[in-house]
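> no FASTA, just this:
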Ligand SMILES: NC(=O)C1=CN([C@@H]2O[C@H](COP(=O)(O)OP(=O)(O)OC[C@H]3O[C@@H](n4cnc5c(N)ncnc54)[C@H](OP(=O)(O)O)[C@@H]3O)[C@@H](O)[C@H]2O)C=CC1
Ligand SMILES: O=C(O)C(=O)[C@@H](O)[C@H](O)C(=O)CO
């Protein structure tokens, strides 16, 4: 598998694993099986209440810590107070029994609340302290990132955004690329929504002798994006990694690109107005 090199030099694999809704004992078993299937990047968040679940799997696994990339996220509720944010980050590390996160992200810009700039200053400090290796954002629009750059002269390494065939985010992807920011795709399978039954995708999947999930994940990788699909069972986890024995033609990539819709977001979470704490 190839790697993405971030703007701070850290390397990430081409595909990672999402852990939203994987909690407790069964969550740990799923994450352990994902490690066995071959995933090395795991995406969690304080708000998923499973940083401990992820940490438990890491500690039970046979894979060395330094071969794994663990990403977590600061929730908006803590953005405005420096000490609260640092304490929360340390609490997250204690829960996961880790000394550092490889990647730490602001979860939402929450532009109406408007404290993401303070939170970005905190992440810069956390990186200096060695609590986190790389820092980034989720769901940030160009205007939010421009402000970070202008005020701190420090660009995120990653912007994790909703991205799937019904919302392919061409404008945001182009912007991220122009700033040397890696785009990660959340809900890369559209959270198993209508996308998986789309007639064009079903037809193309048949053509490439793959399932729709594999086709969609390969399309995202072909766009230079890092998808983080979540799957509970070993069979699906393994299947979602079986992407490296075929290439999608450029005309078929265009066909998938054309499926995007102006209101294609799954849950209408437009970061210009949506807030989550
Ligand atoms: N930064 C942010 O704001 C956000 C980040 N995220 C992150 O992104 C990750 C992925 O997004 P998520 O919303 O979970 O959605 P995904 O697009 O990854 O879809 C997950 C769903 O798809 C099913 N599934 C997985 N593989 C297949 C397959 N090959 N065929 C059919 N169904 C399949 C899973 O079922 P099952 O589990 O039963 O196998 C699950 O129901 C999250 O887990 C989280 O880590 C998500 C939302 C927002
Ligand atoms: O899962 C996440 O990271 C989120 O930010 C949530 O908004 C999630 O998308 C959700 O569905 C909450 O209802």
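Right, received. Where do you want to start? What you are looking at is a predicted structure, and each value in this text was computed from that prediction instead of being measured. Ligands and ions are numbered 1, 2, ... in the order given.

> How about the contacts made by the closest residue to residue 223 other than its chain neighbours?
Closest residue in space to residue 223, ignoring its immediate chain neighbours: residue 173 at 6.7 Å, by CB to CB, 6 or more residues apart in numbering. Quick note: C-beta positions are derived from backbone N, CA and C, even for glycine. Residues near residue 173 by CB atoms under 8 Å, 6 or more residues apart in numbering: 163, 183, 223-225.

> could you redo the last one with a cut-off of 7 Å?
Going by CB atoms under 7 Å, 6 or more residues apart in numbering, residue 173 touches 183, 223, 225.

> confidence score at the residue of the chain positioned farthest from its centre?
Going by CA atoms, centre = their mean, the residue of the chain most distant from its centre is residue 207, 28.6 Å out. According to the prediction, residue 207 has pLDDT 98.

> Would you mind listing what in the stretch 51-200 of the chain touches ligand 1?
Residues of the stretch 51-200 of the chain found near ligand 1 (CB under 6 Å from any ligand atom) are 107, 138-139, 160, 186-192, 196.

> returning to what we had before: same list, the contacts of residue 173, but only the ones touching ligand 2.
Okay, of the contacts of residue 173, nothing touches ligand 2 (CB under 6 Å from any ligand atom).

> what about the closest residue to residue 167 other than its chain neighbours, is that helix, strand or coil?
Closest residue in space to residue 167, ignoring its immediate chain neighbours: residue 264 at 3.6 Å, by CB to CB, 6+ apart. Using DSSP: H, G, I helix; E, B strand; the rest coil, the structure places residue 264 in coil.

> so who does whatever residue of the stretch 1-150 of the chain ends up closest to ligand 1 touch?
Closest to ligand 1 within the stretch 1-150 of the chain is residue 18: 2.3 Å, counting by CB to the nearest ligand atom. Neighbouring residues of residue 18 by CB under 7 Å, 6+ apart: 43, 186, 228-230.

> Please identify the nearest residue in space to the residue farthest from the centre of the chain, excluding sequence neighbours.
Using CB to CB, 6+ apart and skipping residues adjacent in sequence, the residue nearest residue 207 is residue 252, 7.7 Å away.

> Count the residues that sit near that neighbour.
Look at residue 252: counted by other CB atoms under 10 Å, it has 18 neighbours.

> next one: residue 132
By the measure other CB under 10 Å, the count of residues near residue 132 is 23.

> Who are the contact partners of the nearest residue to it once chain neighbours are set aside?
Spatially, and ignoring its direct neighbours in sequence, residue 132 is nearest to residue 104 (3.9 Å; CB to CB, 6+ apart). Neighbouring residues of residue 104 by CB under 7 Å, 6+ apart: 72, 74, 89, 123, 126, 132, 135.

> May I have the secondary structure class of the last one?
With three-state DSSP as the basis, the three-state label of residue 135 is strand.

> Let me know whether it touches residue 129 as I believe.
No - contact status for residue 135 versus residue 129: not in contact, 11.6 Å apart, counting by CB atoms under 7 Å.

> if I look at the residue in the stretch 51-200 of the chain that ligand 2 sits nearest to, how far off is residue 172?
At 6.0 Å from ligand 2, residue 107 is the closest residue in the stretch 51-200 of the chain, using CB to the nearest ligand atom. Separation of residue 107 from residue 172 (CB to CB, to the nearest Å) stands at 17 Å.

> Could you check which of the two has the larger neighbour count?
Using other CB under 10 Å as the criterion, residue 107 and residue 172 rank with residue 107 on top: 25 against 22.

> Tell me what the closest residue to that one other than its chain neighbours is bridged to.
Excluding the flanking residues, the one nearest residue 107 by CB to CB, 6+ apart is residue 73, at 4.1 Å. For residue 73, the beta-bridge partners are residue 105 (DSSP bridges).

> quick one on the thing from earlier: just to confirm, which helix or strand has the residue nearest to residue 207 in it?
Per DSSP states H and E, residue 252 falls inside helix 250-257.

> now the strands for the stretch 1-150 of the chain?
Remark: strands assigned in the stretch 1-150 of the chain by DSSP state E, counting those that start in this stretch are 3-5, 11-13, 17-18, 41-43, 69-74, 101-106, 132-138.

> Take those strands and write them to JSON lines, including mean pLDDT.
Formatted as JSON lines, the strands of the stretch 1-150 of the chain follow (pLDDT from 0 to 100):
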{"stretch": "strand 3-5", "mean pLDDT": "98"}
{"stretch": "strand 11-13", "mean pLDDT": "98"}
{"stretch": "strand 17-18", "mean pLDDT": "99"}
{"stretch": "strand 41-43", "mean pLDDT": "98"}
{"stretch": "strand 69-74", "mean pLDDT": "98"}
{"stretch": "strand 101-106", "mean pLDDT": "99"}
{"stretch": "strand 132-138", "mean pLDDT": "99"}
